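Engineer: here is a sequence with its predicted model. Questions after.
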Amino acid sequence: MGGFSSWIESNWSSVVGAAGIIGSLWFTAASFREDSKAKQMANILALVERQRVLWSDANQRQDLQRIFLDNANLYSQPITVAESEFLDLIVLHFETGWRIEQSMDKRNMKGLALDAGEFFSLPLPHGVWEKTKKFRNPHFVQFVEAAIEHTTKSRSGFPQGI
């Protein structure tokens, strides 16, 4: 025991310095974690606000009402420029939500997948998706394709989960 106390007496400043460095690193890590949480929350709030604006715009504009029809005929009435531009924004919105979910490391995207599957199964959104998916993140494309497939199977009477 005498060896330890004599070592402390001769190295006390190094021990205090090391404790200070360890404490400051711990404090920095804790601060970084809190900053990350705050940024994630800010991202979510910004996404929610953008969603409100997008859907409000879609509901108020007569030239976008066909987007929500499940019986729209793309052969007799092709997708208009306004519809295509709006749906491109919606695809970007979905991709942003997907990226936020991924960055939060939740890996539980059932709600987002359900929304994506339902929306991109509609004729107009599906038409724009098919034309533009080659320009998207390949992992996002896989996510949306799986969501569409699940929705299609659910609608056709297959048991869920197949």
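Structural biologist: Done, it's in. Just so we're clear, the structure is a prediction, and the values are computed from it rather than from any experiment. Numbering: from 1, shown residues only.
Engineer: any idea which helix or strand comes after the host helix or strand of Pro125?
Structural biologist: In this assignment (DSSP states H and E), Pro125 forms part of helix 123-132. Using DSSP H and E, the helix or strand that follows helix 123-132 in sequence is helix 138-155.
Engineer: one step back: other SSEs contacting the helix holding Pro125?
Structural biologist: Secondary-structure packing of helix 123-132 (3 or more C-beta pairs under 8 Å, 6 or more residues apart in numbering; DSSP states H and E): helix 81-103, helix 110-120, helix 138-155. In short, each C-beta sits where N, CA and C put it, glycine included.
Engineer: mind checking pLDDT for Arg155?
Structural biologist: In this prediction, Arg155 carries a pLDDT score of 69.
Engineer: and for Asp105?
Structural biologist: Note on Asp105: pLDDT of 64.
Engineer: and Ala30, by the same measure?
Structural biologist: 78.
Engineer: that one and Gly23: what is the separation?
Structural biologist: Distance, Ala30 to Gly23, by C-beta to C-beta, to the nearest Å: 11 Å.
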